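>>> Below are the sequence and a predicted model; questions follow.
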Amino acid sequence: MRALATIDRAALAHNLERVRALAPDRAVYAAVKADGYGHGATTVANALAAADGFAVSSLDEAMQLRWSGITQPIMTLSQPLDVDACALAAAHDVRPVVFDRTHLTALADYVGPVLSVWIKLDSGMHRLGFAPGEAAAVAAHLRALRHVRCVGWLTHLGCADDPSNPMTERQLAAFAHGTAELDGQRSIANSAGVLAWPAAHADVVRPGIMLYGSSPMVDATAADHDLRPAMHLTAPIISRRRVVAGEPIGYGATWRAPEDMDVGVIGIGYGDGYPRHAPSGTPVLVRGLRAALVGRVSMDMITVDLRAVPEAGVGERVTLWGPGLPADEVAAAAGTIAYELFCRLTARVSVEIV
Ligand SMILES: Cc1ncc(COP(=O)(O)O)c(C=O)c1O
């Protein structure tokens, strides 16, 4: 087998417990959009059976969960709403987030079983949602509709990953002000909100990345928060070679051996979702020891400096990220975030669920 992502259900359940410990007595809607951040939405939702609900991007993602037997409430965070979408959502108790004027028109035209919705306010991130000052008018519009029920109010934090950034306080104040006189539940916190902003816990938290065992914070690692990696990505050494001092490795000859040395060729590349822009020096774990990527990432292969692990041989599996090598560290080396590493794994990667 070449690249293999092993998904650890116990790690997912443990990370949910961490959310519960940090935000006791709050409902937890686990973010499982983008196929459970690349871990498999159904696998994750089943491992997180104790979650109170799920948050996905679209109705398609919600329906995938319903078809696999998930019964908890599901909210769709970025689904465009027309009358047909309203009918499908209502039929399957999927709760769309209303964030655009066009949704108000669709909801007014919708006739059918009562559709529960969340309303999103833009408290300062300026991506989605109504201005806090419009909240009362939107609530009044929905109250007049017989087939629509507003469950609650939602906003999203843009800078909660940085505890020193004053924007979060401003967002919390804007949201509190906009919803002060209105009925319904409140939901604000993503993982960073859960980890660093107790004032954002409100009624429903919506963690994603921390459930997968990564840290969104600029100042704390996943281990600092006792989060466990839910994915272990491995691939085999497919060849071990001796490279003479001064000789280049890989496309573009971007790296040259500083001495006569052994390198391992690993059976994973950007065709599997390993980041092509990962530079020489990006860590890989071989026999539990740190080794460095050398040369460019190819479609099917990477090369690794084996000087620190002389015994490692063909067929042995190395860790690209997972236990002992946080995806956050690999992501930082590659100039991205663990979210993207997880989401970009391709269908070629085999999946094992433990
Ligand atoms: C609206 C909303 N809520 C919650 C989340 C979960 O965020 P995180 O994975 O940072 O916890 C996201 C993710 O992007 C989101 O867009």
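That came through fine.
>>> can you tell me which residues contact the residue of the stretch 1-150 of the chain found nearest the ligand?
Proximity of the stretch 1-150 of the chain to the ligand (CB to the nearest ligand atom) peaks at residue 31, 3.9 Å away. For every residue, glycine as well, the C-beta is placed using N, CA and C. By CB atoms under 8 Å, 6 or more residues apart in numbering, the contact set of residue 31 is 37, 54, 55, 56, 190, 206, 207, 208, 209, 211.
>>> among these, which are within reach of the ligand?
55, 190, 206, 207, 208, 209 (CB under 6 Å from any ligand atom).
>>> my guess is the third one meets residue 189, correct?
Yep, that's residue 206 we're talking about. Yes. Here residue 206 lies in contact with residue 189, judged by CB atoms under 8 Å, at a distance of 6.6 Å.
>>> Would you pull up how far whichever strand or helix holds residue 34 lies from the middle of the chain?
Here residue 34, judged by DSSP states H and E, is contained in helix 33-37. When distances are taken as CA atoms, centre = their mean, to the nearest Å, helix 33-37 is centred 7 Å away from the chain's centroid.
>>> contacting residues around the residue of the stretch 101-250 of the chain found nearest the ligand?
Across the stretch 101-250 of the chain, no residue is closer to the ligand than residue 208, which sits at 2.5 Å (CB to the nearest ligand atom). For residue 208, the contact set (CB under 8 Å, 6+ apart) comprises 30, 31, 32, 33, 37, 55, 190, 191, 339.
>>> which residues touch the helix holding residue 34?
With CB under 8 Å, 6+ apart, helix 33-37 has contacts from 31, 41-45, 55-58, 61, 77, 208-209, 212, 339, 342-343.
>>> In helices, which of those residues appear?
Counted as lying in helices by DSSP state H, out of the contacts of helix 33-37, are 41, 42, 43, 44, 45, 61, 339, 342, 343.
>>> Quick one: the residues you listed as JSON lines, columns for distance to residue 113, neighbour count and pLDDT too.
Shown next, in JSON lines, are the ones in helices among the contacts of helix 33-37 (distance: CB to CB, whole Å; neighbours: other CB atoms under 10 Å; pLDDT from 0 to 100):
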{"residue": "41", "distance to residue 113": "25", "neighbour count": "22", "pLDDT": "98"}
{"residue": "42", "distance to residue 113": "25", "neighbour count": "17", "pLDDT": "98"}
{"residue": "43", "distance to residue 113": "30", "neighbour count": "19", "pLDDT": "98"}
{"residue": "44", "distance to residue 113": "28", "neighbour count": "26", "pLDDT": "98"}
{"residue": "45", "distance to residue 113": "23", "neighbour count": "23", "pLDDT": "98"}
{"residue": "61", "distance to residue 113": "21", "neighbour count": "22", "pLDDT": "98"}
{"residue": "339", "distance to residue 113": "35", "neighbour count": "19", "pLDDT": "98"}
{"residue": "342", "distance to residue 113": "36", "neighbour count": "25", "pLDDT": "98"}
{"residue": "343", "distance to residue 113": "34", "neighbour count": "16", "pLDDT": "98"}
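>>> Which secondary structure state does residue 238 sit in?
Three-state assignment for residue 238 (DSSP: H, G, I helix; E, B strand; the rest coil): strand.
>>> Now do the phi/psi pair for the closest residue to it other than its chain neighbours.
Once flanking residues are discounted, residue 238 sits nearest to residue 267: 4.5 Å by CB to CB, 6 or more residues apart in numbering. Backbone dihedrals for residue 267, given as degrees, to the nearest 10, come out at phi -80, psi 60.
>>> Who are the contact partners of residue 267?
Here residue 267 is in contact with 2, 3, 235, 236, 237, 238, 300, 301 (CB under 8 Å, 6+ apart).
>>> which residues of the stretch 51-200 of the chain fall in strands?
Along the stretch 51-200 of the chain, counting by DSSP state E, counting those that start in this stretch, strands occupy 53-56, 74-76, 94-98, 115-120, 148-154, 185-187.
>>> do the same with the stretch 251-354 of the chain
Going by DSSP E, counting those that start in this stretch, the stretch 251-354 of the chain shows strands at 255-256, 261-266, 283-286, 289-292, 302-305, 317-321, 350-353.
>>> Could you export these as TSV, including distance to residue 184?
Converted to TSV, the strands of the stretch 251-354 of the chain look like this (distance: least, CB to CB, whole Å):
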stretch	distance to residue 184
strand 255-256	57
strand 261-266	51
strand 283-286	46
strand 289-292	50
strand 302-305	50
strand 317-321	40
strand 350-353	37
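>>> Out of these, which is closest to the ligand?
Of the strands of the stretch 251-354 of the chain, nearest to the ligand by CB to the nearest ligand atom is strand 317-321, at 16.7 Å.
>>> which helices and strands does the closest one pack with?
Judged by 3 or more CB pairs under 8 Å, 6 or more residues apart in numbering; DSSP states H and E, the packing partners of strand 317-321 are strand 231-243, strand 261-266, strand 283-286, helix 327-333.
>>> quick check: angle from that strand to strand 231-243?
Here the directions of strand 317-321 and strand 231-243 differ by 120 degrees (axes from the mean of the first three to the mean of the last three CA atoms, to 10 degrees).
>>> Surely residue 201 is in contact with residue 20?
No. Here residue 201 does not reach residue 20: they are 11.4 Å apart, not a contact under CB under 8 Å.
>>> Can you pick out the residue with more neighbours from those two?
Per other CB atoms under 10 Å, whichever of residue 201 and residue 20 has more neighbours is residue 201, with 19 against 16.
>>> where's the residue nearest to residue 238 relative to residue 319, distance?
Applying CB to CB, to the nearest Å, the value for residue 267 to residue 319 is 13 Å.
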